[in-house]
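> Starting from these lines, generate the structure:
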Amino acid sequence: MRQWLKELWSYRNLVYNLVSRDLKVRYKNSVLGVVWSWLNPLLMMLIFTFVFGVLYERQDLPNYHILFLSAMLPWNFFVGAVMGGIPSVVSNASLIKKVYFPREVLPISVVLSSLVNFLIALPVFFILAALSGIWPTAYVLLLPIPILIEVIFAIGIALILATLEVFYRDTHMLMDVGMQAWFFLTPVIYPVKSLPAQVTLLGITFNPQLWIFRLNPMASIINTYQDILYYGTLTAVDFLSRTAVTAILILIFGYWFFRHHSGKFGEVV
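Just a heads-up that it's a prediction; the model follows:
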């Protein structure tokens, strides 16, 4: 593992170039070019602000659109990183067959590209939040923590799924459905606190607020974003700590799984 990481680090310039290429290709031949990096999140947030701040303003949650956006932005980052990482190896088949480089740089560069777009959107979010009367507190200094945990988790998932996509091309189609289910099982359009404390299903009584954290790492990550960006505090630190450990374990397994099968990529793709 240490040797793999050392090799990966030696190719850090390639990762940088792939991230730059992805960002340039995304806005190639457009009139405004990279300006769309700011306009896209701005337009998206304005639409959501109108829908959830004017048409569907929840009385129990003031400035609900800010709560929604504080969860939707990191969720979009996660979806873009994972769904973009799945075909990253297959779509670069010609490159893989011609040049040697650590294959893991492909899904990693996609995750980092999605991270850049997320970071670009954050200043726009803070401006809209301030206009809505929600100002950042000192807890905003802890924002790098959930970002780092999400990046680690996304890279691990992307490595696993990118490997599976090489051998099973149905992976991305299954994940299209899986991501939709995952979205509703993650507190994006609702805060965890709004869930009932007790539910009975098939004769089994359980606490959904508790189990959504235990079974869904993204629930803890998104909840932390909402705490910091909307509530101006930090709760469920114990679950966030467990999620950090889970993310690291998934990254380690994903990296090993990817490297273990990467030798066959050239033959299969």
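> buried set for stretch 126-138?
128-129, 134 (16 or more other CB atoms under 10 Å). C-betas here are computed from N, CA, C, even on glycine.
> what about the strands in the stretch 51-200 of the chain?
In the stretch 51-200 of the chain, the segments counted as strands under DSSP state E, counting those that start in this stretch are 199-201.
> which residues of it fall in helices?
64-85, 93-98, 105-131, 144-167, 171-184 (DSSP state H, counting those that start in this stretch).
> in the third one, what's buried?
Along helix 105-131, these residues count as buried under the neighbour rule (16+ other CB under 10 Å): 105-115, 117-118, 121, 124-125, 128-129.
> Same question for the second one.
The neighbour-count criterion (16+ other CB under 10 Å) identifies Ile96 as the buried residues of helix 93-98.
> Keeping just the C-alphas, turn it into CSV.
Output in CSV follows, covering the C-alpha atoms of helix 93-98 (Å, rounded to 0.1, in the frame of the first residue of the first chain):
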residue,chain,number,x,y,z
ALA,A,93,-9.7,2.9,-22.7
SER,A,94,-7.5,4.3,-25.5
LEU,A,95,-5.3,6.1,-22.9
ILE,A,96,-5.0,3.0,-20.7
LYS,A,97,-3.9,0.8,-23.6
LYS,A,98,-1.2,3.2,-24.8
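> residues near Phe78, how many?
26 (other CB atoms under 10 Å).
> Quick check: it touching Gly156?
No: proximity of Phe78 to Gly156 does not meet the contact threshold set by CB atoms under 8 Å, at 11.8 Å.
> Now for this structure, the helix or strand with the poorest mean pLDDT.
helix 36-50 (a mean of 71; mean pLDDT, DSSP states H and E).
> where's the closest residue to Val105 other than its chain neighbours, which helix or strand?
Distance criterion CB to CB, 6 or more residues apart in numbering; nearest residue to Val105, sequence neighbours excluded, is Val15 at 5.0 Å. Assigned by DSSP states H and E, Val15 belongs to helix 12-26.
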